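Engineer: The following comprises the amino acid sequence and a computationally predicted model.
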Amino acid sequence: MLKAAVLSVLAKVPSRALSPRNWLASDPPEDIHGADIVQFCRRLYKLLNSSTSISNPFATFALRALLFAIGEDCLLFFTGVWSDPIFGNLRSVALQHGQAFVQAHVDSQSKRATKDFQIVWPFVLAVLTEESQEIRHAALRFVETLFVTVKIDEDNKKAAGPDIYGLNGLPMEIKSWCICFSNI
């Protein structure tokens, strides 16, 4: 009965166009559009990734259904989870899922991302300062994946792509800065 209820609710999660949501808000107020959907998705994600659910075939199926319902906003959803300390070690799982999402968006021919992932840089860099070594290492693996997807302009030693943050690309020195966190 619970399984049927979860699936029926997932089927009714409205699209982003019908109900915009802020996946990055740590505790979205009820008056923000889609706040109830964000909270529901986060709680279900936490439940489906709990140690008791992880080997359950239904949990795997429901997690796929949840991510399908979230659609192209999956990376923002994962970012909202790994950025919020309330999720504890689930944050490393969200980083791993985010890494898989980025890898899935890499063109097999050009080895470049089919999307621009600059928006997650500040959120990934922030979790590199976490106390938990597990979370830091998951963040480092995510950073390494992002670097593989970034097209490098060899002349400027900068990452190519749109300039979202008012910077002229992303300095490559960040890579060496991130590597030093792996030993901490």
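Structural biologist: Good, I have the coordinates. Numbering: from 1, shown residues only.

Engineer: For the strand or helix carrying residue 138, name the packing helices and strands.
Structural biologist: Secondary structure assigned from DSSP states H and E places residue 138 in helix 133-149. Contact analysis of helix 133-149 by 3 or more CB pairs under 8 Å, 6 or more residues apart in numbering; DSSP states H and E lists helix 90-104, helix 121-127, helix 173-181 as its packing neighbours. C-betas here are computed from N, CA, C, even on glycine.

Engineer: buried stuff in it?
Structural biologist: 135, 136, 138, 139, 140, 142, 143, 145, 146, 149 (16 or more other CB atoms under 10 Å).

Engineer: Below-threshold pLDDT in this protein: ranges please.
Structural biologist: For the chain, applying pLDDT under 70 flags the ranges 1-20, 27-34, 51-54, 108, 110-113, 150-184.

Engineer: With adjacent residues omitted, what lies nearest to residue 92?
Structural biologist: Of all residues not flanking residue 92 in the chain, residue 138 sits nearest, at 4.0 Å (CB to CB, 6 or more residues apart in numbering).

Engineer: gap between the one you found and residue 77?
Structural biologist: Taking CB to CB, to the nearest Å as the criterion, residue 138 is separated from residue 77 by 16 Å.

Engineer: Check residue 25 too.
Structural biologist: Here the criterion is CB to CB. By it, residue 25 lies 12 Å from residue 77.

Engineer: Comparing these two, which residue is more hemmed in?
Structural biologist: Taking residue 25 and residue 77 together and counting by other CB atoms under 10 Å, residue 77 has the greater number of neighbours (23 against 16).

Engineer: Now do the contacts for that one.
Structural biologist: Residue 77 makes contacts with 23, 41, 42, 45, 70, as judged by CB atoms under 8 Å, 6 or more residues apart in numbering.

Engineer: That one is in what secondary structure piece?
Structural biologist: Residue 77 is located in helix 74-82, with elements delineated by DSSP H and E.

Engineer: is it true that residue 37 touches residue 22?
Structural biologist: No: using CB atoms under 8 Å, residue 37 makes no contact with residue 22, being 10.3 Å away.

Engineer: Which one of the two is surrounded by more residues?
Structural biologist: Legend: neighbour count by other CB under 10 Å for residue 37 and residue 22, higher for residue 37 (20 against 14).

Engineer: From residue 90, how far out is the nearest residue to the more buried one once chain neighbours are set aside?
Structural biologist: Counting by CB to CB, 6+ apart, the nearest residue to residue 37 once its immediate chain neighbours are dropped is residue 21, at 5.6 Å. From residue 21 over to residue 90 the distance is 19 Å, taken as CB to CB.
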